[in-house]
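Colleague: give me the fold of what follows.
(one chain, ligands or ions: 1)
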Amino acid sequence: MLFHVEMEVRIPHDLPTERADALKQAERVRAMELQRTGAWRHLWRVAGRYANVSIFDVSGAQELHDILSSLPLFPFMEIRVTPLCRHPSSIHDDDR
Ligand SMILES: O=C(O)CC1=CCC(=O)O1
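Modeller: Numbers count the residues shown, from 1 in each chain. The predicted model follows:
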């Protein structure tokens, strides 16, 4: 099942820089792992914002929740999830 996920990152200004950098690095490692498994299918930076737009390909809402809530930056992100289904005019076989 595909989900459009928008993540807005809001790291508090009083979080020590070393802690913020460690969280960003851990997030990066986890995001790359999940992209390799295919669960995190697309990852795009939103131009001009500390935010991303992503497409997840997971079994359902519970798996998505488990993934998102275990991300290192989860406590500092506002996340919006939109479930997707196939568009009848799509020419892409992997849109499902
Ligand atoms: O920088 C972001 O948008 C937050 C994030 C998600 C995956 C990653 O590597 O960073």
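
Colleague: contacts only, for Phe74.
Modeller: Leu68 (Cβ atoms under 8 Å, 6 or more residues apart in numbering). The C-beta positions use only the backbone N, C-alpha and C, and glycine is treated the same way.

Colleague: now it: phi and psi?
Modeller: phi -50, psi -40 (degrees, to the nearest 10).

Colleague: can you tell me how far it is from the ligand?
Modeller: To the ligand, Phe74 is 10 Å away according to Cβ to the nearest ligand atom, to the nearest Å.

Colleague: need the CA coordinates for stretch 16-35. PDB is fine.
Modeller: The C-alpha coordinates for stretch 16-35 follow below in PDB (Å, rounded to 0.1, in the frame of the first residue of the first chain):
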ATOM      1  CA  PRO A  16      22.500  21.200  21.700                       C
ATOM      2  CA  THR A  17      24.100  21.100  18.200                       C
ATOM      3  CA  GLU A  18      25.900  17.800  18.800                       C
ATOM      4  CA  ARG A  19      22.600  16.200  19.800                       C
ATOM      5  CA  ALA A  20      20.800  17.600  16.700                       C
ATOM      6  CA  ASP A  21      23.700  16.500  14.400                       C
ATOM      7  CA  ALA A  22      23.600  13.000  15.900                       C
ATOM      8  CA  LEU A  23      19.800  12.700  15.400                       C
ATOM      9  CA  LYS A  24      20.200  14.000  11.800                       C
ATOM     10  CA  GLN A  25      22.900  11.400  11.100                       C
ATOM     11  CA  ALA A  26      20.900   8.600  12.600                       C
ATOM     12  CA  GLU A  27      17.800   9.700  10.600                       C
ATOM     13  CA  ARG A  28      19.900   9.600   7.400                       C
ATOM     14  CA  VAL A  29      21.200   6.100   8.100                       C
ATOM     15  CA  ARG A  30      17.700   4.800   8.900                       C
ATOM     16  CA  ALA A  31      16.200   6.500   5.800                       C
ATOM     17  CA  MET A  32      18.900   5.000   3.600                       C
ATOM     18  CA  GLU A  33      18.200   1.500   5.100                       C
ATOM     19  CA  LEU A  34      14.500   1.900   4.500                       C
ATOM     20  CA  GLN A  35      15.000   3.000   0.900                       C
END
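
Colleague: before I go, just wanted to say thanks for your time.
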